[in-house]
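Chemist: Below is the sequence, then the predicted model.
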Amino acid sequence: GAVVSQHPSWVICKSGTSVKIECRSLDFQATTMFWYRQFPKQSLMLMATSNEGSKATYEQGVEKDKFLINHASLTLSTLTVTSAHPEDSSFYICSASLRQGANQPQHFGDGTRLSIL
Amino acid sequence: AQTVTQSQPEMSVQEAETVTLSCTYDTSENNYYLFWYKQPPSRQMILVIRQEAYKQQNATENRFSVNFQKAAKSFSLKISDSQLGDTAMYFCAFLPQGAQKLVFGQGTRLTINP
């Protein structure tokens, strides 16, 4: 149980395009999902906390107009990297917590490798 | 603010040996949760083990066990009879009670050699 699916796993696109990444909880409802960015050989950096039906909470230094987050249902959150540039190339990972409440372990998706040419 | 420190950037052991990864954290909270996550080369984050701060008994999951020292704010992970598949990045993480955001350590890259 507690499977999180992330799609796509790898995307390559031209500079200036927008890229959407989906994060789905397959067998549980997640009121809260998290979006992380990970640079090579580094730890996960939290970008934003996504709450179903409300605006996402962004971490300091993360541009909300650059990284659009939508959490329209209890099983789906999306991250859109708008007008992507080479510096946005990175590994993006989502996670979700079981709906029962806080203090639950986060279950992670497989991540999306984004490469901007 | 809470911080998590993993002082060993890299470790390497032979297959079947036992290895211990260290983690210390800083918090003024009394109730919280600690986790170890594994990230293999495939880069999927996998929950290895979890410890509740109010429990004195150390958590164990098969070959994985922790040494939780609350007073010292230490949470080390012991891997017994290490296997090649244990090769991965290991992240220690902290979650205050009632909070949602995990605080991650910098990670330890563990290599199991045949």
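Modeler: Great, that's in hand.
Chemist: B:Tyr25: helix or strand, and which one exactly?
Modeler: Element membership for B:Tyr25, per DSSP states H and E: strand B:24-26.
Chemist: So for the chain, which residue is the most central one in space?
Modeler: Since no chain was named, I'll use chain A. A:Trp35 (3.5 Å; Cα atoms, centre = their mean).
Chemist: look at chain B instead
Modeler: Centre-nearest of chain B using Cα atoms, centre = their mean is B:Trp36, 3.4 Å out.
Chemist: tell me the contacts of that residue?
Modeler: B:21, B:23, B:47-50, B:64, B:66, B:75, B:77, B:90-93 (Cβ atoms under 8 Å, 6 or more residues apart in numbering or on different chains). In short, each C-beta sits where N, CA and C put it, glycine included.
Chemist: Ok, A:Phe39 next?
Modeler: Residues near A:Phe39 by Cβ under 8 Å, 6+ apart: A:Met45, A:Ser90, A:Phe91.
Chemist: can you give me how far stretch A:17-26 is from the chain middle?
Modeler: Here stretch A:17-26 is found 7 Å from its chain centre; the criterion is Cα atoms, centre = their mean, to the nearest Å.
Chemist: Counting neighbours, which bits of that stretch end up buried?
Modeler: A:Val19, A:Ile21, A:Glu22, A:Cys23, A:Arg24, A:Ser25 (16 or more other Cβ atoms under 10 Å in any protein chain shown).
Chemist: Going by distance to chain B, which of those residues wins?
Modeler: Using Cβ to the nearest Cβ, A:Cys23 is the member of these that lies nearest chain B, at 12.8 Å.
Chemist: Wasn't the closest one part of a strand?
Modeler: Yes - counting by DSSP: H, G, I helix; E, B strand; the rest coil, A:Cys23 is located in a strand.
Chemist: Need the per-residue pLDDT for the closest residue to it other than its chain neighbours.
Modeler: Of all residues not flanking A:Cys23 in the chain, A:Cys94 sits nearest, at 3.4 Å (Cβ to Cβ, 6 or more residues apart in numbering or on different chains). A:Cys94 carries a pLDDT value of 96.
Chemist: Same question for A:Asn103.
Modeler: The model's pLDDT for A:Asn103 equals 60.
Chemist: restrict the contacts of A:Phe39 to those near chain B?
Modeler: A:Phe91 (Cβ under 8 Å from any Cβ of the partner chain).
Chemist: Dump the contacts of A:Phe39 into a markdown table; add distance to A:Thr82 and pLDDT as well.
Modeler: Converted to a markdown table, the contacts of A:Phe39 look like this (distance: Cβ to Cβ, whole Å; pLDDT from 0 to 100):
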| residue | distance to A:Thr82 | pLDDT |
| --- | --- | --- |
| A:Met45 | 19 | 94 |
| A:Ser90 | 15 | 95 |
| A:Phe91 | 19 | 96 |
